[in-house]
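*Asks:* predicted coordinates and the sequence they were generated for:
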Amino acid sequence: MKKTLLSIAFALITPVAMAAQPSDESIRELLQVTDARQLMEGAMAQTDQMIKATMEQSLQGREVSAEDRKILEDMQTQMVAVLNEDLGWSSMEPMFVEIYQKSFTQSEVDGMLEFYQSDAGKAVTAKMPLVMQNTMMLLQQRMANMAGRMQQIENAAVEKLKANAAE
């Protein structure tokens, strides 16, 4: 009797649990409809620009020899290559599929597909690169302002450490 009840319970629960997890295909369709790949690639390009800007800012207008400039450019190229390898679409898409499967039901993915295929959803998708670009610009400005304050904090701490060492 116990085995029969367990079998019935399992038979009733399994379809509900299986139906709740969205299919790989529907998630990939959602990622495609929302231009997730293009957004990721745009963010990577913005990150490349941010690395360049940070590098230039760290030089603080100092002249750099052609040889040193080449070393810095090689460093940037290598950093971007690492970012692309670890955060590029080919490594991120499977992660997104897994996250979406753990986070959403098939019904929710279907609802998102319906929204993103609507005019409002298409507008969100079309304007998201601009939102990302403006966000990155503002973040760069904030980080630049913050860098000076952080440097002051670091300098003050170094001075305190020197004073403690002298005692």
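*Replies:* Happy to help now that I have it.
*Asks:* residue contacts, residue 85?
*Replies:* Residues counted as contacts of residue 85 (Cβ atoms under 8 Å, 6 or more residues apart in numbering) are residue 91. For every residue, glycine as well, the C-beta is placed using N, CA and C.
*Asks:* can you say which helix or strand has residue 150 in it?
*Replies:* Assessed by DSSP states H and E, residue 150 sits inside helix 119-166.
*Asks:* please name every helix or strand in contact with that helix.
*Replies:* Contacting helix 119-166 under the criterion 3 or more Cβ pairs under 8 Å, 6 or more residues apart in numbering; DSSP states H and E are the following elements: helix 36-59, helix 106-116.
*Asks:* any idea of the angle that helix forms with helix 36-59?
*Replies:* Direction vectors for helix 119-166 and helix 36-59, defined by axes from the mean of the first three to the mean of the last three Cα atoms, to 10 degrees, enclose an angle of 30 degrees.
*Asks:* report the angle between helix 119-166 and helix 106-116.
*Replies:* Direction vectors for helix 119-166 and helix 106-116, defined by the same axes, to 10 degrees, enclose an angle of 100 degrees.
*Asks:* run the chain-centre distance for helix 119-166.
*Replies:* Using Cα atoms, centre = their mean, to the nearest Å, we find the averaged C-alpha position of helix 119-166 to lie 16 Å away from the chain's own average C-alpha position.
*Asks:* likewise stretch 80-96?
*Replies:* On Cα atoms, centre = their mean, the centre of stretch 80-96 falls 10 Å from that of its chain.
*Asks:* and the end-to-end length of it?
*Replies:* Stretch 80-96 has its terminal residues 21 Å apart, counting by Cα to Cα, to the nearest Å.
*Asks:* ok, stretch 57-68 next?
*Replies:* One end of stretch 57-68 sits 15 Å from the other (Cα to Cα).
*Asks:* hmm, who's touching that stretch?
*Replies:* For stretch 57-68, the surrounding residues in contact (Cβ under 8 Å, 6+ apart) are 72, 144, 147.
*Asks:* residue 134: which of those residues is nearest?
*Replies:* Of all the contacts of stretch 57-68, residue 144 has the smallest distance to residue 134: 15.9 Å, by Cβ to Cβ.
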